[in-house]
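*Asks:* Quick one, structure for this:
(chains A, B, C and D)
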4 protein chains.
Amino acid sequence: MTELPPPPDIVRSAYAELIVTSLADARHFWVDLLGFVLTEETPAALYLRGYDELTHHNLVLRAGPVAALGCLAYRVRSAADLDRAEAFYRALGCPSDRVRAGVTRGVGEHVRVQDPLGFPVSFFASVTHPQRLQQRYDLRRGAEVARLDHFNLCVPDVTAACRQYASLGFGLSETIEDGQTLYAAWMFRKQTVHDVAFTGGAGPRLHHLGFFAHEAHSVLRLCDILGSRGAQDHIERGPGRHGVSNAFYVYLRDPDGHRVEVYTSDYYTGDPDHPVLRWSVRDPRRRDFWGNAVIPSWYSDASVVLDLDGKVRPVVELAQTAEVSVGADGFTAPASE
Amino acid sequence: MTELPPPPDIVRSAYAELIVTSLADARHFWVDLLGFVLTEETPAALYLRGYDELTHHNLVLRAGPVAALGCLAYRVRSAADLDRAEAFYRALGCPSDRVRAGVTRGVGEHVRVQDPLGFPVSFFASVTHPQRLQQRYDLRRGAEVARLDHFNLCVPDVTAACRQYASLGFGLSETIEDGQTLYAAWMFRKQTVHDVAFTGGAGPRLHHLGFFAHEAHSVLRLCDILGSRGAQDHIERGPGRHGVSNAFYVYLRDPDGHRVEVYTSDYYTGDPDHPVLRWSVRDPRRRDFWGNAVIPSWYSDASVVLDLDGKVRPVVELAQTAEVSVGADGFTAPASE
Amino acid sequence: MTELPPPPDIVRSAYAELIVTSLADARHFWVDLLGFVLTEETPAALYLRGYDELTHHNLVLRAGPVAALGCLAYRVRSAADLDRAEAFYRALGCPSDRVRAGVTRGVGEHVRVQDPLGFPVSFFASVTHPQRLQQRYDLRRGAEVARLDHFNLCVPDVTAACRQYASLGFGLSETIEDGQTLYAAWMFRKQTVHDVAFTGGAGPRLHHLGFFAHEAHSVLRLCDILGSRGAQDHIERGPGRHGVSNAFYVYLRDPDGHRVEVYTSDYYTGDPDHPVLRWSVRDPRRRDFWGNAVIPSWYSDASVVLDLDGKVRPVVELAQTAEVSVGADGFTAPASE
Amino acid sequence: MTELPPPPDIVRSAYAELIVTSLADARHFWVDLLGFVLTEETPAALYLRGYDELTHHNLVLRAGPVAALGCLAYRVRSAADLDRAEAFYRALGCPSDRVRAGVTRGVGEHVRVQDPLGFPVSFFASVTHPQRLQQRYDLRRGAEVARLDHFNLCVPDVTAACRQYASLGFGLSETIEDGQTLYAAWMFRKQTVHDVAFTGGAGPRLHHLGFFAHEAHSVLRLCDILGSRGAQDHIERGPGRHGVSNAFYVYLRDPDGHRVEVYTSDYYTGDPDHPVLRWSVRDPRRRDFWGNAVIPSWYSDASVVLDLDGKVRPVVELAQTAEVSVGADGFTAPASE
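*Replies:* All right, here's what the predicted structure looks like:
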């Protein structure tokens, strides 16, 4: 492997853009039911954030013909890191371009790339600070999400994905593995369990976006609200406790099938020698610490991703043993996986 | 003591009527901040209830020139119990009258009495059931109060008050006492710690209305909301854990100074031989299990009460030793008490 | 139907006796993992209670050759109610006997019957009060259960079971039904949603014992503890929110397969006209308000019951349409049901 | 000001050493009541940590003749940072020495300094990882503290202290101030509100050590446990919600009077342009968001600190206006402050 230029100094996963087929339906789900804060809206897009967030948005919902991931956006430390990002990915042979400040509202100039894993990734260094709402308890609704926590991505080769992100300076916090195979991995820049996780599966696809809430009762409350509105079918899996990350979680599907996790209570990973926690793929507690079976759709479904021209990226099948075929999740894996 | 006629079969404390000097201010506090459900309103009154409540209201806020307690209302088992109430209090020499159904919205005919302790007490047997909102989590706001739990009354002679309520068939759950004096007592008809409590003090006055919430985090959330709105001065005492009742509590004062407790997590008292829990007045945990000092105003302030003609009842000074002068509450009692 | 003598005045469901095949294993599960208080033990039995309980026990675990329900025990108001119980069931043609005080530790004389539904039911009027532990937070462990809440029974004919318990003076709080069939019913004496519930199924069998905890986080904590100990297979269903009762729940199976529910946050039912809440069998929220599928074993498995001679009662198949075959629970019912 | 050498790269506040006059009493308080994990003990010291902590200890309790702060210890990124620390403080004219690995159990070589503010500060780069207990919910007790969160220090000149720590690369998250005076400041290296805070007061003294817990109910539980044991006098202030940091808190005093905060739910501060939140000293919500009065001892009491020879450092009086004399905390400041 030839020497790469230095990677950009990535601060954290900052926002994602989802393409939704109905802004009205998406707004009902994300704003009215989940309780996201609407920072700004245009005819084409909604900009949402959590109650603690001091960046303009954690989520862009953009209207489009096909439900897909529009981009994963990382905050970098400085404008110079935009140049570093461009050089880094150019050296990898990845297509990239620049998007000028304000095209995505509330954030500065972006470098966009199609990364070696096939994902549309954006980097930006400057933001507009929205109103601080953290202590406006009177405004909180729904799950009271605080901020974006992480991206979870389906990739055909988890080891390759980890290697790629390690070259960007991400640390490794937890894995699911056995002697032969790395089934899943959690990687971080900010001092939490992850900014990004990789799940073995046909890819590139977005498995889910994870948002942080402060306490478990907010997750329960969200489920209660969905039941109250007859919208309980949005709940796909959970609530439960993850073995990996130790977080309390619930997974929902939005009207376009995009998956969202509300997630609370992981742990500090900022020490330089933070030890990796390696879970056996055969430990039934790895995906749910209480041993509850993973819903089959949770392993099979994910959102397709767009390329820099806005076209859906073709999906490559899983190139390794499927976790679901070896892990003891309490259900028989469908033959097609 | 001559033989009294049989008392009415009282089911529970059901609602109270508070006279407020501004319906607009009261509505802001009780509905907008605390999150009570508004069942019905008229130009003269607001009818509020908790989210679990299946009676038309737990609280009537009625406009009037002087902030006061308008009445304490108990549900009785049947219409025959209205007659029993009338006969019972007549035998005690108490003034009484009948109020026809609908004068207080959503409830049937009332028997009103001025009881031997000087309080305006109403009895009713029939109710209009409002919409069941218990599982409308999407509508819940504020403290998410479930229902009225109890009345707390200031009386000059706690022993006399207990004797009066025992003759009505109330059980005794807890006391604060020493060898000489009964300082406070908690009495019940429904199977909780109390429907009514007596606190030694100048009286007849209403010390507070207690409303039940399901979990402690709802109490914390209420305080957070008050802070968010700059309305933290409504918080008088707490949150904390009571020694007596074991409940988690906060006390607020409404715009007229009426005191309200949001209260969660007491215990079942329905067994026929339910044992009384007797607290020493010298146990610093009796009023706050964590030993936090009671705020002086909590002992001194209370709402005056109206007679059946709507005039403020004169207040009689405490006729026994003041709890505050013997209990170790962490502050020196003002000389006037 | 000929006139029956007056039924005993039942106060509440007070305790159950489970026959377990290993006292050591049962003790590990109920005391070490779940955190029940051990009031007393003999070579043949463990007497357990919750932290709020002021009766000697809520659960007797008795060693025996076959895992089964030994008895359901109701507290009655007075000794005269023991005579009433005897006469009432004798008029129904049910076998009964008396068990003298102290045979079951900590409680007085019992009247035992095999009730018309085939269950072994005991009545007692006097108890020994154990130490009050409610405010010994330093001793609390596991799920921190407060007290027994209810029995849930599998019966082949739910309507017949309801009629039998209505004749005992139980109120009806909630049902699952459609135009043709009553699939399940919740009935109460104390002022909660239930002391006993009936689930349509082969019977007489005990579906589960329900114990009350004060807040949802105690239920989550119990699951976390089970995961910590690698004992997660004891978790059968949940945690989740019930539609019926609105309670937050988890179902566990003990080492003999007896099912236990930890249950929190239901509602007051003590008003004389408390309205019945009727759920459609087709409402997917009736069994889980969040729409999560009911685990098949939850519908199929239950504990057999003993007769008064300690022999296992034969089980009669379900005599009506199975709820699971009409309700939309998100899974296909096995053909055998 | 002459150019300083580059400061060490500080990762976070890692542990503190407290001198206690009775190890037995300290152990009862910190281990039995608060529930800290005992990693190791020697005849002279106890090494404690939280349940999430992967460093050997967060707290050393060392027996000594005078209750005092023994040291504040920061983890640095690498061994080279030890040299940088030594050079940095030598350039400031501060006494320093090296302590070889293992003198403090479980951590590597230390550089010790007496910093310009008069505090004994240690730096270390390597640790022994103890057993990972985060998912041993079965072992958790007391407040279930997860890790050390911060040091809070009394300094006579808050502005000078901030300047000193800014030179070490600390960011500023929140302040209490007015046009004339900086009354208090919160500064961080890890991505939380603080690793260290400065409170205006006679100094150098340790105001408190802050430990992180995951949810508010753990704080309430701790208070309940203290009440259960009759140990409620250890509770000095709270529980409550801080305005500054938005965290839910309680302050306790250990048997030697050292103050400890259990603290939950602050926020992410890792973005490079994280905006400072500036509170007016006149906002009654700054110290308690619910407006509850600060207990006078909380402003006046603090622990003295040792110099590198183990002698108590003399205390310098507050060199600026006292916050308590201008802030509206609901009580009148004693004249001596």
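*Asks:* and A:V103, how many neighbours does it have?
*Replies:* Counted with other C-beta atoms under 10 Å in any protein chain shown, the neighbours of A:V103 add up to 9. For every residue, glycine as well, the C-beta is placed using N, CA and C.
*Asks:* What sits closest to A:L133 if chain neighbours are left out?
*Replies:* A:Y51 (5.1 Å; C-beta to C-beta, 6 or more residues apart in numbering or on different chains).
*Asks:* Next up, the contacts around the residue of the stretch 51-200 of chain A found nearest chain C.
*Replies:* Per C-beta to the nearest C-beta, A:A143 is where the stretch 51-200 of chain A lies closest to chain C, at 13.3 Å. Listed by C-beta atoms under 8 Å, 6 or more residues apart in numbering or on different chains, the contact partners of A:A143 are A:34-35, A:211, A:213, A:218-219, A:221-222, A:262.
*Asks:* could you pull out the strands for the stretch 1-150 of chain A?
*Replies:* Using DSSP state E, counting those that start in this stretch, the strands found in the stretch 1-150 of chain A span residues A:10-20, A:37-41, A:45-49, A:59-63, A:68-76, A:96-99, A:110-114, A:120-124, A:147-155.
*Asks:* C:V304 is nearest to which of those strands?
*Replies:* strand A:147-155 (45.9 Å; C-beta to C-beta).
*Asks:* picking that back up, check contacts around the residue nearest to A:L133.
*Replies:* Per C-beta under 8 Å, 6+ apart, neighbours of A:Y51: A:37, A:133-134, A:136, A:139-140, A:144-146.
*Asks:* switch the cut-off to 7 Å
*Replies:* A:37, A:133-134, A:140, A:144-146 (C-beta atoms under 7 Å, 6 or more residues apart in numbering or on different chains).
*Asks:* Ok, A:G200 next?
*Replies:* A:155, A:158, A:183-184, A:318, A:320, A:322-323.
*Asks:* Around chain B, pick out the residues from the stretch 1-150 of chain A.
*Replies:* A:135-138 (C-beta under 7 Å from any C-beta of the partner chain).
*Asks:* Repeat that for the stretch 151-300 of chain A.
*Replies:* A:217, A:221, A:224-225, A:228-229.
*Asks:* mind listing the helices for the stretch 101-250 of chain A?
*Replies:* For the stretch 101-250 of chain A, the helices defined by DSSP state H, counting those that start in this stretch cover A:158-167, A:216-228.
*Asks:* hey, where'd the strands end up in the stretch 201-337 of chain A?
*Replies:* A:205-212, A:235-241, A:248-253, A:259-264, A:277-280, A:303-304.
*Asks:* Excluding chain neighbours, give the residue nearest to the closest residue to chain D within the stretch 1-150 of chain A in space.
*Replies:* Across the stretch 1-150 of chain A, the shortest distance to chain D (C-beta to the nearest C-beta) belongs to A:D52, at 4.9 Å. Nearest non-adjacent residue to A:D52, counting by C-beta to C-beta, 6+ apart: A:A146, 3.9 Å away.
*Asks:* List the residues that contact the one you found.
*Replies:* Neighbour list for A:A146: A:50-52, A:212-214 [criterion: C-beta under 7 Å, 6+ apart].
*Asks:* who wins for most neighbours among the residues you listed?
*Replies:* The most crowded member of those, judged by other C-beta under 10 Å, is A:A213 (29 neighbours).
*Asks:* thought it was touching A:V262?
*Replies:* Yes. If you go by C-beta atoms under 7 Å, A:A213 and A:V262 touch, sitting 5.4 Å apart.
*Asks:* Quickly list what's touching both of those two.
*Replies:* Joint contacts of A:A213 and A:V262 (C-beta under 7 Å, 6+ apart) are A:143, A:145, A:219.
*Asks:* mind putting the residues you listed in TSV, pLDDT included?
*Replies:* As requested, these are exported to TSV (pLDDT from 0 to 100):
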residue	pLDDT
A:A143	96
A:V145	98
A:V219	98
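*Asks:* Let's have the residues you listed in CSV, adding distance to D:R163.
*Replies:* Converted to CSV, these look like this (distance: C-beta to C-beta, whole Å):
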residue, distance to D:R163
A:A143, 41
A:V145, 37
A:V219, 43
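*Asks:* Show me which positions of stretch A:34-43 end up buried.
*Replies:* Residues A:34-37, A:39-40 are the ones in stretch A:34-43 that count as buried (16 or more other C-beta atoms under 10 Å in any protein chain shown).
*Asks:* And the residue of the stretch 201-337 of chain A that's closest to chain B?
*Replies:* A:D224 (3.8 Å).
*Asks:* Just give me the neighbour total for the nearest residue to that residue once chain neighbours are set aside.
*Replies:* Nearest residue to A:D224 in three dimensions, chain neighbours excluded: B:Y137, at 3.8 Å (C-beta to C-beta, 6+ apart). Close neighbours of B:Y137, defined as other C-beta under 10 Å, add up to 22.
*Asks:* Cross-check the contact I'm expecting between B:Y137 and A:C223.
*Replies:* No. With contact defined as C-beta under 7 Å, B:Y137 does not count as touching A:C223 (8.8 Å).
*Asks:* Could you pick out the residues of chain A near chain C for me?
*Replies:* A:216-217, A:220, A:223-224, A:226-227, A:232-233, A:235, A:241, A:284-285, A:289-292.
*Asks:* which residues sit in contact with A:Y74?
*Replies:* A:10, A:12-14, A:121, A:123.
*Asks:* Repeat the analysis, applying 6 Å as the threshold.
*Replies:* Listed by C-beta atoms under 6 Å, 6 or more residues apart in numbering or on different chains, the contact set of A:Y74 reads A:10, A:13, A:123.
*Asks:* which residue packs closest to it, ignoring adjacent ones?
*Replies:* A:I10 (4.8 Å).
*Asks:* That neighbour pairs with what?
*Replies:* On the basis of DSSP bridges, A:I10 is bridged to A:V76.
*Asks:* Show me what the residue lying closest to A:V31 once chain neighbours are set aside bridges to in the sheet.
*Replies:* Take A:V31 and drop its neighbours on the chain: the residue closest to it by C-beta to C-beta, 6+ apart is A:L38, 5.5 Å away. Counting by DSSP bridges, A:L38 forms beta bridges with A:L48.
*Asks:* on that earlier part again, kindly state which of the strands of the stretch 201-337 of chain A is positioned closest to chain D.
*Replies:* Per C-beta to the nearest C-beta, nearest to chain D of the strands of the stretch 201-337 of chain A: strand A:277-280, 7.0 Å.
*Asks:* same question for that closest one, mean pLDDT?
*Replies:* For strand A:277-280, mean pLDDT is 98.
*Asks:* Stretch A:156-170 too?
*Replies:* 98.
*Asks:* Give me the distance between the closest residue to A:V127 other than its chain neighbours and A:A161.
*Replies:* Of all residues not flanking A:V127 in the chain, A:T55 sits nearest, at 4.6 Å (C-beta to C-beta, 6+ apart). Look at A:T55 and A:A161: by C-beta to C-beta, to the nearest Å, they are 25 Å apart.
*Asks:* One more: A:V127?
*Replies:* 27 Å.
*Asks:* same check, this time on A:D254
*Replies:* 24 Å.
*Asks:* mind putting the contacts of A:Y74 in TSV, distance to B:F188 and neighbour count included?
*Replies:* Below are the contacts of A:Y74 laid out as TSV (distance: C-beta to C-beta, whole Å; neighbours: other C-beta atoms under 10 Å in any protein chain shown):
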residue	distance to B:F188	neighbour count
A:I10	61	22
A:S13	54	25
A:F123	64	26
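*Asks:* mind putting those residues in JSON lines, pLDDT and distance to A:G102 included?
*Replies:* What follows is those, written out as JSON lines (pLDDT from 0 to 100; distance: C-beta to C-beta, whole Å):
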{"residue": "A:I10", "pLDDT": "98", "distance to A:G102": "22"}
{"residue": "A:S13", "pLDDT": "98", "distance to A:G102": "22"}
{"residue": "A:F123", "pLDDT": "98", "distance to A:G102": "16"}
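*Asks:* Out of these, which is nearest to chain B?
*Replies:* Among these, and counting by C-beta to the nearest C-beta, the member closest to chain B is A:S13, at 27.8 Å.
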